[in-house]
Structures are given as C-alpha cells and as structure tokens.
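*Asks:* task: produce atomic coordinates for the following.
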Amino acid sequence: MKIISIGDKWIAAGVNRDPRVTLLEDPMQMLERLRSSSSGLIIQIFDATPVVSVRQIHAAAVATYLAFKAGTNISKKFEIEFLLRLAADTQINRAIKRLGVKPDSREVGFCIIGDDERIVSKTADYASQIIGGSDMSDEELRAEERLEKAVEFYGISEAEIESVQAPSKADAILLLILEHIATLDLKRR
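*Replies:* Numbering: from 1, shown residues only. Have a look, this model is predicted:
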C-alpha cells in the first residue's frame, strides 16, 4: 500500500493477492462495509488483473480528481469515474464489467481518497484486512504474465512498446498504460 497527495486530497492504493472468498462472493457487501466505516472517504475496490504498478491506480485517481475539477468527468460518481479512468474506457458498463470483482478474481485492488492522511492510511490498512490475502509489491505486479494481460487489456501493440524509450519493457508498458489513462478525454472527441 502506498499513499500520495494531490491538491487537498490523499490517495492510498494497493493490491492484494488471494482475497477472501467472502469478498469474491459478495463484493458490494464488503465495499459497503468499508464505506460505512469511514464517512467522507471515497473508496473503490476492483479486479486488479491489469494493474502492473500501484502508480497506475494513483494515476487513475489523480485523473479522476482532475476530471471533476475541470468538469470533464463522464460519470457523476467519483467511484465510477475512477473505474473509467483505470480502465481507460469511456463506457461505464464495459469498465465495470472489466474491472468488477468477480468470483474468480485472484487479485483485488483498492483506492481510498480523503482529506486527512492519517484517516486515509488507517482506512487503507482496514481495507487490506477486509480484502484479505497478502499485499503485492511492485516487483510482483510487474511479472511477465501480468504485463502480457495488461497489454491485452489496454490494447497496446508490440510496436507501441518498442517505440517507447524506457529502461525496460515493463517500464515501457507502464508508461503506455499511464498515457491511456491520462488521455481518456481525447477518446470522447
């Protein structure tokens, strides 16, 4: 789990491997449990299969924050807009279908946004406990098979990867994903 700040907000994000079966059976119940424990926070959980770095989650949260500030948001709900940005998709139903926690989800990510760093951090720790399993490091998130799934998820071509000047293929893929997230508004035009 890592925390960053943007403007007046704090953003905590993480990915857990092998979540609790009860979460997978009823993700909305778990999400409501999290949300009811901390009023005033924005909390979202999602299937983290296409996540190759926690920076990707932070980028989607920042893009969502900026979209609401600029009035370019697609959804009226921050949590749904976050899923759109993370999926780099303009269609709500498709983003939810692609990132929704399913009975066969093996990794579940979370994003928590609020005004107070301490409360955001405490809630992120609680979210990790409720989700269960173990926290995944960025090294684990960058495993080759995960990178391949992310490339497929975001529709990234081999030519795009080769055209990016980056220290590694994993870095190139992450940069392209961040670009997809950051340029979502261009897809709407």
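
*Asks:* mind listing residues that contact the longest helix seen in the chain?
*Replies:* If you go by DSSP state H, the chain has its longest helix at helix 54-70. Where contact means CB atoms under 8 Å, 6 or more residues apart in numbering, the residues beyond helix 54-70 that reach it are 1-2, 4, 6-7, 9, 11, 13-15, 51, 73-74, 78, 81-82, 84-86, 109, 111, 113, 138, 141, 174, 177-178, 181-182, 184-185. Using the backbone N, CA and C atoms, a C-beta is placed for each residue, glycine as well.

*Asks:* and the average pLDDT for it is what?
*Replies:* For helix 54-70, the mean pLDDT works out to 97.

*Asks:* give the buried residues for that helix.
*Replies:* For helix 54-70, a neighbour-count test (16 or more other CB atoms under 10 Å) marks 54-67 as buried.

*Asks:* keeping just the C-alphas, turn it into CSV.
*Replies:* C-alpha atoms of helix 54-70 as CSV (Å, rounded to 0.1, in the frame of the first residue of the first chain):
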residue,chain,number,x,y,z
VAL,A,54,0.4,1.0,-7.8
ARG,A,55,1.3,4.1,-9.7
GLN,A,56,-1.3,3.1,-12.2
ILE,A,57,-4.0,3.2,-9.5
HIS,A,58,-2.7,6.6,-8.3
ALA,A,59,-2.7,7.9,-11.9
ALA,A,60,-6.3,6.9,-12.4
ALA,A,61,-7.3,8.6,-9.1
VAL,A,62,-5.4,11.8,-10.0
ALA,A,63,-7.0,11.8,-13.5
THR,A,64,-10.4,11.4,-11.8
TYR,A,65,-9.7,14.2,-9.4
LEU,A,66,-8.6,16.5,-12.2
ALA,A,67,-11.6,15.5,-14.4
PHE,A,68,-14.0,16.5,-11.6
LYS,A,69,-12.1,19.8,-11.1
ALA,A,70,-12.2,20.6,-14.8
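
*Asks:* from the buried residues of helix 54-70, pick the one nearest residue 98.
*Replies:* residue 60 (13.1 Å; CB to CB).

*Asks:* distance of the closest one from residue 9?
*Replies:* Noted for residue 60: a distance of 14 Å to residue 9, by CB to CB, to the nearest Å.

*Asks:* likewise residue 112?
*Replies:* Taken as CB to CB, the span from residue 112 to residue 9 is 10 Å.

*Asks:* quick check: residue 96 touching residue 84?
*Replies:* No: between residue 96 and residue 84 there is no contact, the gap being 9.1 Å when judged by CB atoms under 8 Å.

*Asks:* great, nothing more from me.
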